[in-house]
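J.: Take this sequence and fold it.
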Amino acid sequence: MINANSTRLTFPDFFAKSLEKHGEREAMSFVGETPIKYSEVDKKVKALISFLEHNQIQPGDRVAILSSNMPNWGISYFAITFMGAVAVPMLPDFTHNEITNILNHSESKAIFVSDNLSHKLDGFSNEHLSTIISIDNFDIISNNKKSISYNENNIPNKEYDVQEDDLATIIYTSGTTGRSKGVMLTHKNITFNSTKCIEFQNVTKEDRFISILPLSHTFENTLGLLLPIFNGAHIFYLKKPPVPSVLLPALKKVKPTIMLTVPLIIEKIYKSKVLPNFRKNKTIKTLYKIPFARKRLNALAGKKLLESFGGELHFFGIGGAKLERECEIFLREAKFPYGIGYGLTETAPMIAGATPFKTKLQAAGPTPTEIQMKIHNPDSKTGEGEVWAKGANVMKGYYKEPELTKNVITEDGWFRTGDLGSIDKDGYVSIRGRIKNVIVESSGENIYPEEIEAVINNFKHVVESVVVQQKGKLVALVHFDKEELEKKYKELKKDVRSYVDEKTDEVKHFVDSTIDDLAKELQIYVNQNVNKYSQLQLVVAQPIPFQKTATHKIKRFLYT
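T.: Numbering: from 1, shown residues only. The predicted model follows:
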């Protein structure tokens with residue numbers, strides 16, 4: 001582990017220490033392919049800095065990255081930041097318009113793009129962007145000087161002295177509010193935060209990470225790239241999206257020790273793989289309702305779940321959103337090694353967290369040393385208020401948005417998170433939801449949509465939901481699992497031969513009528529399980545999945 005007290009808080013300084021200790025160890029690779037050693041990463045980074053120099057990139061220039069996860073993502077990121085330029089990572093699922101706006105706003109001079117995403121740059125041009133580089137092989141796609149080429153044996157012409165407070169990256173959020181902001185994070189913000197993460201979970205040269213979240217998101221960037229690289233671990237990447245048919249064989253091969261994910265992924269596994277086993281017959285279904293029996297069944301399921309992740313997992317980090325209560329109860333009783341983190345892009349990202357087997361139900365955990373957290377103006381009865389945070393991990397500000405920055409960072413350095421929460425006697429923070437999402441009822445009562453959604457999402461055949469207020473009525477938009485209902489219909493058919501293509505209308509009619517019945521049943525169920533102010537007046541079936549952010553939070557502004 002790197003000692004932050006004896007090392008400058010910059011990417012190149014931290015990497016140099018790691019290189020000194022782990023030079024001949026494996027650093028990163030695609031699953032099943034030849035790994036790149038730390039010494040090879042160093043050589044590639046130096047060659048790429050030289051390449052950027054020949055493309056007139058200088059300290060302070062913005063260089064974008066639009067790519068799926070791969071070893072060259074990290075190498076490009078390091079080359080940009082080691083020479084004092086500023087990385088501008090973009091999410092792979094950003095639209096053409098979002099990418100255009102970010103490139104224009106950031107005034108990026110160059111961009112690394114993966115071949116599978118290069119079409120998103122079709123037709124784009126502005127006065128700033130002069131170089132487009134394939135991140136897959138570092139070939140020039142577009143440049144004013146086409147004769148320039150990457151040479152893996154080159155070294156930089158200059159020496160760069162990157163400072164702790166130099167800007168390392170501008171991360172444009174794809175938040176739930178609809179306005180994308182450029183979060184400016186310094187070398188110190190991010191490296192400091194990576195040292196604090198070690199207090200939650202130690203990382204060593206023996207650890208194997210498997211990366212499934214976008215590297216352009218600060219959660220995966222800090223904890224899934226910099227943290228392992230700074231501590232000598234090995235990171236594995238997938239060449240295809242992490243669907244079960246791709247991920248499960250990879251887990252078996254890699255046997256990861258550490259994995260980072262968001263709630264939706266583990267919740268989906270729980271609902272689609274675990275719960276059906278407890279509902280498949282009346283006996284097990286009855287037993288699962290008895291607390292003692294449920295715990296035993298969950299413990300057995302936990303062993304199988306751990307085996308499916310390779311059997312050697314000791315830290316399964318969950319962050320980015322709140323984990324559903326029922327799913328967390330299962331993970332606790334299953335003795336699954338999950339940890340919970342809380343933070344934001346603006347805090348680089350970690351503010352608080354809890355290690356496996358030291359979690360509290362529906363709480364994110366306490367802060368590490370040197371990061372402060374408090375509840376501003378707490379309610380005298382509930383203790384709830386806005387969560388504020390302070391520390392060296394708090395961003396420099398929003399790019400080109402001084403007034404917006406002043407609104408969220410106080411003069412004495414406290415960052416206003418916009419989250420409503422409370423802190424218990426042990427320092428564990430519990431987040432109730434975003435303050436801006438709170439619906440104020442005509443009588444003055446506060447309604448918390450996330451709490452109602454948690455009840456809805458535990459109902460049978462529900463995938464996800466959004467609770468909104470429409471014309472004074474509380475309405476739930478609910479996405480039901482049509483595939484599951486179609487499967488149920490097929491199972492009901494005794495004669496397999498009767499299910500042929502011409503029966504498609506019959507299947508659709510069954511699914512549609514079942515969803516109508518489920519919507520009515522769901523409204524009764526929810527209203528029996530929430531207070532009188534939070535009762536639903538209407539349930540509307542959402543025919544397609546909701547649009548989401550990188551951490552799989554629903555973009556609420558599209559539905560409210």
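
J.: Quick check: which element contains residue 444?
T.: Under DSSP states H and E, no helix or strand contains residue 444.

J.: so how far is residue 533 from it?
T.: Residue 444 sits 10 Å away from residue 533, going by C-beta to C-beta, to the nearest Å. Bear in mind the C-beta positions are built from the backbone N, C-alpha and C, glycine included.

J.: Out of the two, name the residue with the larger neighbour count.
T.: Taking other C-beta atoms under 10 Å, residue 444 and residue 533 do not tie; residue 533 has more neighbours (15 against 7).

J.: Would you agree the more buried one is in contact with residue 441?
T.: Yes - Residue 533 lies in contact with residue 441 (C-beta atoms under 8 Å); the separation is 5.4 Å.

J.: Burial check on the closest residue to residue 54 other than its chain neighbours, number of neighbours?
T.: Take residue 54 and drop its neighbours on the chain: the residue closest to it by C-beta to C-beta, 6 or more residues apart in numbering is residue 148, 5.0 Å away. With neighbours defined by other C-beta under 10 Å, the count for residue 148 comes to 15.

J.: Confirm residue 148 sits in a strand?
T.: No - applying DSSP: H, G, I helix; E, B strand; the rest coil, one finds residue 148 to be coil, outside a strand.

J.: Are there residues contacting both of residue 533 and residue 441? Which ones?
T.: residue 447 (C-beta atoms under 8 Å, 6 or more residues apart in numbering).

J.: now the protein, which segments are flagged as low pLDDT?
T.: Along the chain, segments meeting pLDDT under 70 span 1-6, 145-146, 174-179, 443, 491-504.

J.: Try it again at 50.
T.: 176-178, 496-497, 499-500, 502 (pLDDT under 50).

J.: Would you map out the domains in it?
T.: Residue ranges for the domains of the chain, per automatic domain parsing: 11-15+34-195, 258-311+313-436, 438-558.

J.: Among these, single out whichever gets nearest to residue 224.
T.: Residue 224 lies closest, by C-beta to C-beta, to one member of the domains of the chain: domain 258-311+313-436, at 5.0 Å.

J.: And the closest one, end to end?
T.: Distance across domain 258-311+313-436, first residue to last, is 34 Å (C-alpha to C-alpha, to the nearest Å).

J.: just so I have it, where are all the strands in the stretch 251-400 of the chain?
T.: 258-261, 315-318, 338-343, 350-354, 372-376, 385-390, 397-398 (DSSP state E, counting those that start in this stretch).

J.: Could you dump these into TSV with distance to residue 327 and mean neighbour count added?
T.: Formatted as TSV, the strands of the stretch 251-400 of the chain follow (distance: least, C-beta to C-beta, whole Å; neighbours: other C-beta atoms under 10 Å):
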stretch	distance to residue 327	mean neighbour count
strand 258-261	12	24
strand 315-318	10	22
strand 338-343	10	25
strand 350-354	16	28
strand 372-376	25	16
strand 385-390	23	21
strand 397-398	34	20
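
J.: how about TSV for the ones you listed, with distance to residue 73 added?
T.: As requested, these are arranged in TSV below (distance: least, C-beta to C-beta, whole Å):
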stretch	distance to residue 73
strand 258-261	15
strand 315-318	20
strand 338-343	21
strand 350-354	21
strand 372-376	31
strand 385-390	28
strand 397-398	24
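
J.: Of those strands, which is nearest residue 412?
T.: strand 385-390 (8.1 Å).

J.: from the chain's centre, how far out does that closest one sit?
T.: Computed by C-alpha atoms, centre = their mean, to the nearest Å, the chain-centroid distance of strand 385-390 equals 21 Å.

J.: Remind me what the longest helix along the chain packs against, helices and strands.
T.: Using DSSP state H, we find that the single longest helix of the chain is helix 504-529. Packed against helix 504-529 by the contact rule (3 or more C-beta pairs under 8 Å, 6 or more residues apart in numbering; DSSP states H and E) you find helix 449-456, strand 473-480, helix 482-492, strand 538-541.

J.: Output those as TSV; include the columns mean neighbour count and distance to residue 326.
T.: As requested, these are arranged in TSV below (neighbours: other C-beta atoms under 10 Å; distance: least, C-beta to C-beta, whole Å):
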stretch	mean neighbour count	distance to residue 326
helix 449-456	21	8
strand 473-480	20	17
helix 482-492	14	17
strand 538-541	16	20
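
J.: Make TSV out of those and add distance to residue 509.
T.: As requested, the helices and strands packed on helix 504-529 are exported to TSV (distance: least, C-beta to C-beta, whole Å):
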stretch	distance to residue 509
helix 449-456	25
strand 473-480	15
helix 482-492	10
strand 538-541	15
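
J.: Could you work out which of the ones you listed reaches nearest to residue 253?
T.: Of the helices and strands packed on helix 504-529, the one closest to residue 253 (C-beta to C-beta) turns out to be helix 482-492, at 28.0 Å.

J.: Which neighbouring elements make contact with the closest one?
T.: Contacts defined by 3+ C-beta pairs under 8 Å, 6+ apart place helix 482-492 against helix 504-529.

J.: What is the distance between the helix it packs on and the centre of its chain?
T.: Using C-alpha atoms, centre = their mean, the mean C-alpha position of helix 504-529 is found 31 Å from that of the whole chain.
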